[in-house]
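Chemist: how would this look folded up:
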Amino acid sequence: MDKTRIAVLVSGGGTNLQALLDAQKSGALSSGRIVLVISNKPGAYALERARLAGVESLTITKRGCGSAEAFEQALLEALEAHGIELVILAGFMSILSADFTRRYDKRILNVHPSLIPSFCGQGFYGLKVHEAALRYGVKVTGATVHYVNEIPDGGQILLQKAVPILPGDTPEILQKRVMEQAEWILLPEAAELVSRRILKEKELEP
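Modeler: A predicted model of the protein is given here:
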């Protein structure tokens, strides 16, 4: 059976990539197949996760390309060369332009570690999100998977899951709980949903 061809874009340790790889192995992600991992950071541990899973990987950097435009062009060429139909941002620390996101309309997913529209947008990434949640004193946080457009964290929401904030939480403790209880669950679910949708769209093509 055909499967939706997925590329995962990464910048760091790749824990969300691992959740996707594990879901693929268990069959929870059955409508799509990860065929490419691209890192914009040389030596990112996510590349080692890809190697261990037998998935082809590439490193493409803005510095190596010389400009943001050339970087995005190199990304597009890699995606097209591998026949990529769905792009998943898994801790990818680079904002994509409107020109790029339009090429893959409703074909790029991102997971954000808060309940959008709280603690999101420009400057809210990594521990900063959890620091803000604790500073504001909210009692519930979570994660959101959304389609990607040119506005940081501004695309249509696909899935959300709430996670409680507990007494004594630090940003690091909260980050780990949000990953375990929300991000690593939602991202494979969303990948399967969208992969299945893409397969159905292909079936309907004349």
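Chemist: so where do the helices sit in this protein?
Modeler: Shown for the chain, the helices assigned by DSSP state H span residues 15-26, 45-52, 62-65, 68-81, 98-103, 127-136, 171-178, 184-204.
Chemist: Which positions within the longest one qualify as buried?
Modeler: Residues 184-195, 198-199 are the ones in helix 184-204 that count as buried (16 or more other CB atoms under 10 Å). Placement of C-beta: from N, CA and C, glycine included.
Chemist: How about Asn140: what's its closest non-neighbour residue?
Modeler: Actually, residue 140 is Val rather than Asn. Residue nearest to Val140 in three dimensions, not counting chain neighbours: Ala162, with 5.1 Å by CB to CB, 6 or more residues apart in numbering.
Chemist: Any idea what the one you found is bridged to?
Modeler: Gly142 (DSSP bridges).
Chemist: Distance-wise, check it relative to Glu56.
Modeler: For Ala162, the distance to Glu56 (CB to CB, to the nearest Å) stands at 36 Å.
Chemist: now Gly43
Modeler: In terms of CB to CB, Gly43 sits 17 Å off from Glu56.
Chemist: Equivalent analysis for Phe71, please.
Modeler: 19 Å.
Chemist: more neighbours, those two?
Modeler: In this view Phe71 and Glu56 are compared by other CB atoms under 10 Å, and Phe71 has more residues nearby, 21 against 14.
Chemist: thinking again about what came up before, using CSV, lay out the buried residues of helix 184-204 together with distance to Ala90 and pLDDT.
Modeler: As requested, these are exported to CSV (distance: CB to CB, whole Å; pLDDT from 0 to 100):
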residue, distance to Ala90, pLDDT
Trp184, 10, 97
Ile185, 14, 97
Leu186, 12, 97
Leu187, 7, 97
Pro188, 11, 97
Glu189, 14, 98
Ala190, 11, 98
Ala191, 10, 98
Glu192, 15, 98
Leu193, 16, 97
Val194, 14, 98
Ser195, 15, 98
Ile198, 18, 96
Leu199, 21, 96
